[in-house]
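Participant: for reference, the sequence and a predicted model appear below.
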Amino acid sequence: MAEFVRGVRIGVDVGQVRVGVAVSDPDGILATPVVTLRRDPNVDIDAQASDIVELAQLVDAYQSVEVVVGLPVTLAGRDGPAAVQVRAYADRLARVISPVPVRLYDERMSTVAATRRLAERGVRGKRQRAVVDQAAAVEILQGWLDAQRRRT
């Protein structure tokens with residue numbers, strides 16, 4: 001079992017229109033929301049999409065040791081069209097931020113959980129849409145961090 005390396009992790013929730021971003025503390029205990037990026041509609045695999053560039057800048061700014069990208073597998077645990085797109089996104093990101101590793105983490109229901117938590121806090125409507133992607137990134141990263149702690 002690999003030992004946990006201290007350092008900031010970045011969590012990413014990739015959507016069709018927006019990309020939610022969260023960060024962890026260096027000890028890997030708590031994930032917090034950072035920003036929602038507009039997804040660049042440029043899907044050319046060779047082009048530098050602006051959201052990928054912004055993510056790379058965040059990785060550098062936070063001196064991140066790892067990036068965790070939510071993988072939207074189906075409820076049956078298989079890759080659907082969304083998972084295929086996210087895998088391609090993660091591959092592009094990995095090429096840009098190398099040698100910082102990009103990990104995929106099963107994000108089933110992260111947006112649902114984030115929406116529910118926001119609603120429980122009274123955040124609804126436009127205010128909720130503005131932060132739900134960040135909240136989903138928090139759910140993804142926190143789930144990954146918790147899973148890593150259980151493994152050690």
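Facilitator: In hand now; what should we look at?

Participant: now do the strands in this structure.
Facilitator: 9-14, 18-24, 31-38, 66-71, 102-106 (DSSP state E).

Participant: reformat those strands as CSV; add mean neighbour count.
Facilitator: Every C-beta, even on glycine, is put in place using the N, C-alpha and C of the backbone. Shown next, in CSV, are these (neighbours: other C-beta atoms under 10 Å):
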stretch, mean neighbour count
strand 9-14, 28
strand 18-24, 25
strand 31-38, 18
strand 66-71, 24
strand 102-106, 17
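
Participant: okay if I get these as a markdown table plus distance to residue 59 and mean pLDDT?
Facilitator: Formatted as a markdown table, those follow (distance: least, C-beta to C-beta, whole Å; pLDDT from 0 to 100):
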| stretch | distance to residue 59 | mean pLDDT |
| --- | --- | --- |
| strand 9-14 | 6 | 96 |
| strand 18-24 | 10 | 95 |
| strand 31-38 | 11 | 94 |
| strand 66-71 | 6 | 96 |
| strand 102-106 | 10 | 95 |
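
Participant: among those, which is nearest residue 60?
Facilitator: strand 9-14 (10.6 Å; C-beta to C-beta).

Participant: and that closest one with strand 66-71, angle?
Facilitator: 30 degrees (axes from the mean of the first three to the mean of the last three C-alpha atoms, to 10 degrees).

Participant: ok so, going back, dump the strands of the chain into a markdown table; add distance to residue 145 as well.
Facilitator: Shown next, in a markdown table, are these (distance: least, C-beta to C-beta, whole Å):
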| stretch | distance to residue 145 |
| --- | --- |
| strand 9-14 | 7 |
| strand 18-24 | 6 |
| strand 31-38 | 6 |
| strand 66-71 | 8 |
| strand 102-106 | 10 |
